[in-house]
Structures are given as structure tokens and as C-alpha cells.
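Q: Structure of the sequence below:
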Amino acid sequence: MGTDPEIVGGIAGGAVSYLLLKFDAFATRELNLKEKINRALHNLGIELRSIEALLRDAASKKDPDHQFTDWIQNVRDQAYAIEDVLDLFRLHQDQETGLRSFKMRHSIKDLIKNTEESLQKIQQTKKRYQDMTSTRIYSSSNTDLHLRVAPLFNDTVVGFEGPTEKLRSWALKKKQRAEVMFVVGMAGLGKTTLVRSVYEKVKHHFNRHVWIIASKSKTKLDILLTLLVEEFEVWESVRLALPDGNNSKIIITTRRGDIANSCGDGDSIDIHKLQPLSPESAEQLFHQKAFSRNGRYPSGLEEVSKSILQKCDGLPLGIIEIGRLLSNKSPTKKEWKALCDSLESELRSTGELSDVMKVLSASYNDLPYHLKYCFLYMSIFPENDPVKRRRLVRLWIAEGFVIQKRGGAPRNLTEKPRRLSIQEQDFEVSDQDLSRVRSFFSFGKGKVKIGSNFKLLKVLDIQGTSMEEFPNVITDLLLLRYLSLRNTNIKSIPRSLSDLRHLETLDLKQTLVTEVPKAVLQLQKLRHLLVYRYNYMEGVPPFDIVQGFKAPKKITGLNNLQTLSFVKASVQSRLSQQLRMIQGIENLTQLRKLGVVELAREDGASLCHSIGKMSNLHSLSVTSISMEVPLELDAMTNPPALLQRLYLIGSLQKFPWWISSLHDLMRIRLKCSSLAKNPILTLQNLPNLVELQLLHAYTRTQLEFKSGKFLQLKILDLQQLEQLNSIVMEEGTLPCLQKLIIGRCSKLEHVPRGIKRLIHLQMLALYDMPDPFVTRLRKNGGRLRRLVRHIPCVHLYKLGQLEVFHDH
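A: Residues are numbered from 1 along each chain as shown. Down below sits the predicted model:
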């Protein structure tokens with residue numbers, strides 16, 4: 001299977017860019033290197049920067065040939081070889097400090113020799129490539145343009161009714177000036193089809209009208225229009241050349257959202273972001289194309305059709321082209337499943353859907369140079385598996401993608417891989433040559449056996465396996481930056497973990513580890529420490545659902561920590577020492593996320609004092625030692641101004657005054673608070689609040705949402721409010737609410753008064769509500785059914801079982 005030359009170029013460019021950053025850091029750190037080594041590294045750095053510039057230039061060229069592909073693969077291999085030398089040198093330094101007595105294969109002499117040899121090779125290949133680029137003519141035909149436009153130009157795509165009407169109304173609204181609308185979306189989303197449809201509908205309302213396709217051809221007009229949509233720096237100059245008369249309208253399609261945003265002035269320029277088709281519209285379009293000859297839907301193809309549509313993800317171009325291809329095949333489950341299973345190969349250069357890939361590649365090519373490698377990194381993860389944003393960022397940092405400025409690093413699929421992702425059961429890698437692997441991922445549920453052949457590994461992510469003991473071989477991986485054993489059954493971590501001096505992330509979430517040894521205090525580069533698990537139970541989640549860990553009292557010495565979750569605030573056997581730890585966390589001033597469990601009442605003031613020193617704090621979660629022990633958090637004198645997420649679990653004798661001052665707060669959860677005073681009054685004016693959860697948090701009978709309040713709230717979750725019998729929503733309140741959850745409110749008699757005015761509400765979820773409440777909402781005879789008819793999804797959960805009232 002061949003590799004896309006543009007992707008290979010991106011990989012090589014990422015390798016060189018990353019290596020340049022590494023060289024800079026290396027040269028800065030190793031001030032005492034011998035002069036000869038310094039000179040060799042300096043010269044190599046100069047040459048690598050020249051190579052990087054050539055790769056950036058080459059990335060913008062079209063139709064790279066085999067000679068170019070071979071050259072950039074050689075550049076990548078040389079960059080990796082040099083990185084290996086630097087890593088071995090660092091490993092040797094670590095071992096010389098007494099950590100290990102291990103004989104290094106590469107001496108200082110070897111470093112000089114390898115560096116100089118690599119320099120000579122890159123110098124030679126650079127000259128050949130310079131000759132290649134100076135004599136070669138890169139043609140840019142309109143082939144890609146035709147591929148992009150032709151499949152859609154004569155199609156009326158279903159699901160565009162809303163955007164079509166919006167643009168039509170905008171175009172026909174008379175104004176005394178020229179107005180511009182940017183229609184933004186990825187390649188293949190149907191921008192051309194949409195705008196063409198609107199154009200045909202409104203053009204007769206204008207004295208003059210013109211439809212122009214901007215492409216990278218050589219005519220002056222096309223160059224001007226290409227600049228218009230691809231270079232926002234010249235927008236102001238180009239706009240002066242456009243008509244500015246009465247009621248002039250200009251619609252521009254572009255894949256580049258950054259250009260549209262930069263050109264927008266909030267007055268005469270507007271932006272419409274085109275979205276993928278809804279599942280219903282995607283299915284309708286697919287049926288039109290796949291069964292165009294007879295219009296009938298053969299039985300037995302429902303499941304494979306869903307699989308194909310899931311892969312298309314609402315993209316009209318993909319749906320249209322795959323549908324047309326299937327319309328010429330036999331409508332059998334075997335034929336359709338064969339295509340579904342081979343879509344990847346069909347999208348390659350020799351496949352029947354290769355034209356679609358050429359169009360989709362345009363969106364990849366539009367990415368900034370450094371982001372292409374972050375995008376390629378996603379290939380590590382299993383298909384359709386969600387990836388947490390924080391986890392991805394930590395991995396990018398561990399890989400070296402983020403060093404002062406965001407840079408890139410490669411994905412290598414050669415015989416000696418750089419990054420290895422295992423997605424099958426029971427895989428053994430201990431007997432293979434994996435000396436070049438820098439990142440190892442395992443997503444299987446079986447056993448993974450790793451050996452000592454990962455000496456230079458930097459990222460180790462083994463999740464969800466049946467592992468019960470911490471593998472001792474891990475502590476031999478002295479360059480490790482990222483270690484995740486999440487969702488395994490390990491119970492403890494060894495003291496030898498202290499050998500991992502470069503470790504930045506230690507993720508033991510959902511393991512059985514309950515205590516971290518003092519050895520962790522030697523990990524001075526540690527940024528993220530996650531050691532906790534959820535105590536899942538059927539029915540109502542328990543008060544102590546989060547099980548934290550006992551930390552050494554001097555953990556406050558890890559002053560590079562950004563994430564600390566979830567640390568136990570008090571342990572009965574050594575309460576006084578744990579109290580000193582709570583007092584001392586004020587030294588962790590870099591913390592962005594802090595989770596504390598088992599907080600005693602008398603520790604509240606100390607915790608408030610410490611939090612006041614954490615100016616970077618974005619997320620805070622605090623749980624009391626028990627449901628009966630109140631959280632004393634009113635001693636806060638300097639609330640964290642950047643706080644966005646706040647979770648308070650435990651009794652609150654009075655609502656903390658400082659919460660109302662958190663301008664940036666986006667999400668708040670109050671659980672088991674037992675508040676007698678309505679918290680709504682304090683929270684309703686927070687300007688950025690998008691999610692509010694009140695879980696067993698309020699003891700009175702009525703909640704009232706006033707007009708003009710909660711202007712940004714999108715999610716409202718009200719559960720276990722046992723005395724609540726009425727919810728009132730005045731006109732003009734909660735204008736952006738999209739999801740409303742009501743659960744286990746045994747005395748609530750009916751849906752909130754005023755719910756019918758929540759026109760943006762997309763889902764109403766009801767959990768274990770009393771029978772009279774539910775009966776009033778049923779389709780047949782429910783007297784309050786009319787109040788929720790405008791909500792697309794109404795779901796009822798009874799003892800964990802879902803009943804869909806209606807789902808548009």
C-alpha cells in the first residue's frame with residue numbers, strides 16, 4: 001500500500017521541525033560540551049533550517065513525483081537517526097548520575113562521528129533537491145477544481161433547506177451598502193451547491209449578477225479572486241475593487257474559517273458556517289443516490305447502510321459518490337459490505353473513490369504547516385473511539401509537539417516504526433526490535449507484554465488491559481515523559497518510579513492505587529498526577545463516588561504540577577500531618593486543576609487560603625469527608641479569577657459568597673448541599689455559565705428563573721430535589737437552553753411552567769420521575785403533552801431503562 005506523497009512530505013517536515021526545536025534545547029542545556037561537538041551541532045542546525053525551508057516550499061507544490069518522495073523519506077530517516085543520538089546521549093548522562101550502571105553504546109566520539117556523517121548526507125541531498133526544484137515545472141491544473149465542483153453542481157442536496165432560506169433572506173434584504181457573506185466549511189460539505197442554489201433563486205432580483213469560480217490558474221481575474229478567498233492580508237485592498245452600490249450582495253465560499261473571521265467586521269461582512277447533514281437528511285440523500293434507478297430500499301441492507309453513513313459523517317460529497325457507486329452494484333448485503341469494509345482502499349489513488357480523496361485532501365492542505373502533524377497523530381487511536389481533549393494535549397506535549405511554540409512531529413509507518421499502536425488482544429512485543437519506537441499505545445483488553453527493547457521510549461499508554469502488577473521494566477525507561485496505566489487493575493507503584501526523572505504525566509485513573517510513595521517527590525518535571533477511581537454502583541451514585549489517593553505530605557515540593565486529582569485531604573491515622581499538607585499546597589501555584597476529597601470541616605479555611613494563591617486555577621473539585629460534615633469555604637479572600645469549572649460535594653450551611661464573582665465560570669455542580677436559600681439568585685447573573693447542576697442541593701419547594709437571567713446557560717440538571725413541587729421559567733429566561741434534565745424529584749407535579757417558551761431546547765431527559773408526572777406527558781391522552789411537543793428529543797429513564805417519548 002502506497003503512502004500519499006503530501007503526507008510523507010508532512011511527516012518529513014515535522015521530523016525536521018521537531019529536531020530543530022530539540023537541537024535548540026539540547027545546545028542550551030549542554031553548555032559544557034567540547035568545542036568540536038558544539039561546532040558540529042551548530043553546523044547541522046544551520047543545514048536543518050535550510051532543509052526545513054525547502055520542505056515548507058515543497059509542501060505547497062502540486063503532484064510530487066517519486067524522486068521527491070524518496071528524497072523526503074531520506075531526510076526523515078536522517079532526522080530520526082540524529083534524534084536517536086541525542087536521546088542516547090541524554091540517557092548516558094542520566095545513568096552517569098548514579099541512576100543506573102549501564103554501558104552506553106555511543107560515546108562522545110560516536111556522537112561527533114554520527115553528527116558529521118548525517119551533516120554530509122543532508123548537504124548532498126539538499127543540493128540535489130535544490131537542483132530538482134529549480135528545474136522542475138509544477139503545473140496546477142483545474143482538475144481538483146472540477147473534481148470539487150462537478151459532483152455537486154447539478155445536485156440539490158437535501159438538508160439544506162434551513163441554510164438556503166437563511167442566505168436567500170439575507171440576499172433579498174435591502175441595504176444602502178454592499179454586504180458580503182462568507183460561507184465556510186470543509187471540502188465536500190456542499191458550499192458550492194448551497195450558494196449556487198441561492199444564486200439561482202435570487203439573481204433575477206438584481207440588475208447585474210455574475211457567478212465566478214476562483215481557482216489557481218494564471219489569468220489575472222482568477223488570481224485576484226484567489227487572493228480574495230485565500231489571503232486575508234489583501235482583503236481590504238480587494239474590497240475596494242468590489243461594487244459598493246445600493247443593495248449589492250457578494251457571497252464567497254471558502255474552506256478557511258480563519259480568513260473569514262479575519263475579514264469580518266461585524267457590520268457589512270457576515271459568516272455562515274455550514275454544518276454536516278443531520279442523520280435523517282444524510283439517510284435521505286443516500287437513498288436518492290443508491291436507489292436512483294428504482295427508488296426502492298431492498299430489505300436486509302439497513303445495518304450496512306448505517307455503517308456506511310456513519311463513515312460519511314454527514315459529508316454530502318462522500319454520501320453522493322458512495323451512493324452513486326453502489327447504484328451500479330448488485331443490491332446485495334455481500335456487495336455492500338465488501339465496499340463498506342474496503343472504503344479506505346477505494347479512496348486511495350487507484351480506487352473507485354479516489355476523486356473524493358483528492359477533494360478531501362484540500363482541507364488537510366489548508367491546515368497550517370505545524371498542525372498537519374498534530375492531525376496525523378490521530379491515526380494512533382482506534383476508529384470511532386472518542387479521545388479526551390486534555391489527554392491529547394498532554395500527549396502532544398510529551399511528544400515534543402509543543403515546545404514554546406506549537407511544533408510537529410512525524411507519524412512513521414516504516415518497518416521500524418516511530419509510534420506503535422496495538423489494537424488487538426494479547427500482543428507481545430518483548431522479542432521484537434523496537435529500538436526506534438518512541439511512543440507505544442495499547443487499546444486491547446487482553447494482555448500486553450513489553451520488554452527491555454524500549455530504552456528510548458517517551459510515551460507509554462497501556463489502557464484497559466488485565467494488568468494487575470506494575471511492570472518493573474517501566475522504571476528502566478529513563479526518558480519516559482508520559483505514562484498511563486488507566487483502567488488497569490494495578491494496586492501500587494514501586495519506589496523505583498523515582499528513576500523516571502523526565503516524567504511529566506502519570507495517569508493512574510480508574511486503577512486500584514490508593515497511595516503514592518515518597519519516591520514520586522523526585523519527579524521534579526511532573527505536571528499531571530491523576531490517581532483516582534469512580535465507585536460506580538447501580539441506582540443513585542453514592543456520596544463518595546470519587547475515591548482519591550493518599551499523597552506524601554511533601555508533595556507540595558512538586559511545584560511544576562498543573563493537575564492534581566484527587567488527593568485525600570485527611571486520613572484518620574495521621575490527621576495532623578495531612579492538615580500540614582493542605583496548608584502547604586499553596587506552593588503549587590502552577591495548578592490548573594485541583595481535586596480534593598475527604599475534606600474535614602476544620603481544614604476548609606486552610607484550603608481557601610491555599611486556593612487564593614493559585615492564580616492559574618481553571619478547575620476545582622472539593623468533596624467533604626462525609627455527607628454530614630459541612631464544607632467550610634467562606635474564608636476565601638482571593639477567589640481564583642480564571643476558574644471555569646467548580647464542583648462542590650457536601651453540605652453548605654450557607655452559599656459561598658465568592659462564587660458570584662467568578663466571571664469566567666462556565667460549569668458548576670452542587671451536590672448534597674442541602675441549601676435552604678435558593679442558589680439561583682446568586683448564580684443567575686454569571687455571564688459565561690453554560691452548565692448548572694443541582695443534585696440533592698436544595699431543600700425548598702420552588703425554583704424560579706427570572707426574565708433576562710442565565711443568558712448563556714445551555715444545560716440545566718435538576719436531580720434529587722426532594723421537596724421541589726414547582727419550577728417557574730419566566731419569559732426571556734434561559735434563552736440558550738438546549739438540554740434540560742429532571743430526575744428523582746418525587747414531589748414535582750408537572751414540567752416547568754414556561755417550558756414552551758424555550759425554543760432552543762433540544763432534549764428533555766427525565767429520570768425516575770413519579771408516575772403522575774410521566775402520565776401527563778404521554779402521547780395518548782397526556783394533558784400536558786402539548787407543552788413538550790416542540791422539543792425534538794424527550795427521553796424517559798426508569799430504573800436505567802430508556803423509553804423514547806418522541807425523537808424527531
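
Q: Give me the contact list for the host helix or strand of Asp461.
A: Counting by DSSP states H and E, the element that carries Asp461 is strand 459-462. By Cβ atoms under 8 Å, 6 or more residues apart in numbering, the surrounding residues in contact with strand 459-462 are 395, 398-399, 419, 438-442, 448, 450, 454, 474, 477, 480-485, 488. Where you see a C-beta, it was placed from the backbone N, CA and C, and this is true even at glycine.

Q: how about stretch 510-528: buried residues?
A: 510-511, 513, 516, 519-523, 526-528 (16 or more other Cβ atoms under 10 Å).

Q: re the thing from before, mind listing the strands the strand holding Asp461 pairs with, and their directions?
A: strand 439-442 (parallel), strand 482-484 (parallel) (DSSP bridges).

Q: thinking again about what came up before, is it possible to get the buried residues of stretch 510-528 out as TSV so that each row also shows secondary structure?
A: Below are the buried residues of stretch 510-528 laid out as TSV (DSSP: H, G, I helix; E, B strand; the rest coil):
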residue	secondary structure
Gln510	coil
Thr511	coil
Val513	coil
Val516	coil
Ala519	helix
Val520	helix
Leu521	helix
Gln522	helix
Leu523	coil
Leu526	coil
Arg527	coil
His528	strand
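
Q: Let me have those residues in a markdown table, extended by pLDDT and distance to Leu646.
A: Listed next are these as a markdown table, based on pLDDT from 0 to 100; distance: Cβ to Cβ, whole Å:
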| residue | pLDDT | distance to Leu646 |
| --- | --- | --- |
| Gln510 | 93 | 23 |
| Thr511 | 93 | 26 |
| Val513 | 94 | 26 |
| Val516 | 91 | 25 |
| Ala519 | 90 | 33 |
| Val520 | 92 | 27 |
| Leu521 | 91 | 29 |
| Gln522 | 92 | 33 |
| Leu523 | 93 | 29 |
| Leu526 | 94 | 25 |
| Arg527 | 93 | 22 |
| His528 | 95 | 20 |
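
Q: Show me which pair in those is furthest apart.
A: Gln510 and Gln522 (25.5 Å; Cβ to Cβ).

Q: Please save the CA atoms from the strand or helix carrying Phe566 in CSV.
A: Assessed by DSSP H and E, Phe566 sits inside strand 563-568. Backbone C-alpha positions of strand 563-568 (Å, rounded to 0.1, in the frame of the first residue of the first chain) are rendered in CSV as follows:
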residue,chain,number,x,y,z
THR,A,563,-3.1,18.8,37.6
LEU,A,564,-3.6,17.1,41.0
SER,A,565,-6.6,14.8,41.2
PHE,A,566,-7.9,13.5,43.6
VAL,A,567,-5.8,14.0,46.7
LYS,A,568,-7.2,12.9,50.1
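
Q: Now do it: which elements does it pack against?
A: strand 528-530, strand 593-599, strand 619-624 (3 or more Cβ pairs under 8 Å, 6 or more residues apart in numbering; DSSP states H and E).

Q: Could I get these in CSV, plus columns for distance to Pro772?
A: Formatted as CSV, the helices and strands packed on strand 563-568 follow (distance: least, Cβ to Cβ, whole Å):
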stretch, distance to Pro772
strand 528-530, 44
strand 593-599, 38
strand 619-624, 35
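
Q: so which of the ones you listed comes closest to Phe470?
A: Smallest distance to Phe470 across the helices and strands packed on strand 563-568 (Cβ to Cβ): 15.6 Å, for strand 528-530.

Q: Where does pLDDT dip in the stretch 451-600 of the chain?
A: By pLDDT under 70, the weakly predicted segments of the stretch 451-600 of the chain are 451-452, 538-539, 571-581.

Q: What count of nearby residues applies to His209?
A: A count of nearby residues for His209, using other Cβ atoms under 10 Å, gives 12.

Q: Please apply the same query to Arg177.
A: Arg177, neighbours per other Cβ under 10 Å, totals 11.

Q: same thing with Ser492?
A: Neighbour tally, Ser492, other Cβ under 10 Å: 14.

Q: So it sits against Val516, correct?
A: No: contact criterion Cβ atoms under 8 Å: Ser492 and Val516 do not qualify, at 9.3 Å.

Q: secondary structure class for Arg669?
A: Going by three-state DSSP: Arg669 is strand.

Q: What distance do you get for it to Ser278?
A: Going from Arg669 to Ser278 by Cβ to Cβ, to the nearest Å gives 31 Å.

Q: So between the two, which is more surrounded?
A: Each of Arg669 and Ser278 has its neighbours counted (other Cβ under 10 Å); Arg669 has more, 18 against 13.

Q: Run a quick neighbour tally on the residue nearest to Ile625 when sequence neighbours are not counted.
A: Excluding its sequence neighbours, the residue lying closest to Ile625 (Cβ to Cβ, 6 or more residues apart in numbering) is Glu598, at 4.7 Å. For Glu598, the neighbour count with other Cβ under 10 Å is 23.

Q: for Glu598, what are its contacts?
A: Counted by Cβ under 8 Å, 6+ apart, Glu598 has contacts 548, 568-571, 623-625.

Q: again, but for Leu326
A: By Cβ under 8 Å, 6+ apart, the neighbours of Leu326 are 289-290, 335-336, 339.

Q: So it, which state does it fall into?
A: Under three-state DSSP, Leu326 comes out as helix.

Q: go on, the one 3 residues further on?
A: Reduced to three states with three-state DSSP, the structure at Lys329 is coil.

Q: What helix or strand is the closest residue to it other than its chain neighbours located in?
A: Leaving aside its sequence neighbours, Lys329 sits nearest to Glu335 (Cβ to Cβ, 6+ apart; 4.8 Å). Using DSSP H and E, Glu335 sits in helix 333-341.

Q: In terms of secondary structure, what does the helix or strand just after that helix contact?
A: Reading on from helix 333-341 to the C-terminus, the next helix or strand found by DSSP H and E is helix 343-346. Of the remaining helices and strands, none touches helix 343-346 by 3+ Cβ pairs under 8 Å, 6+ apart.

Q: Can you list the buried residues in the helix or strand following helix 343-346?
A: Where DSSP H and E defines the elements, the next helix or strand beyond helix 343-346 is helix 354-366. Neighbour-count burial for helix 354-366 flags 355-366 (criterion: 16+ other Cβ under 10 Å).

Q: out of these, which one sits closest to Pro331?
A: Using Cβ to Cβ, the buried residues of helix 354-366 come closest to Pro331 at Val356, 21.5 Å.
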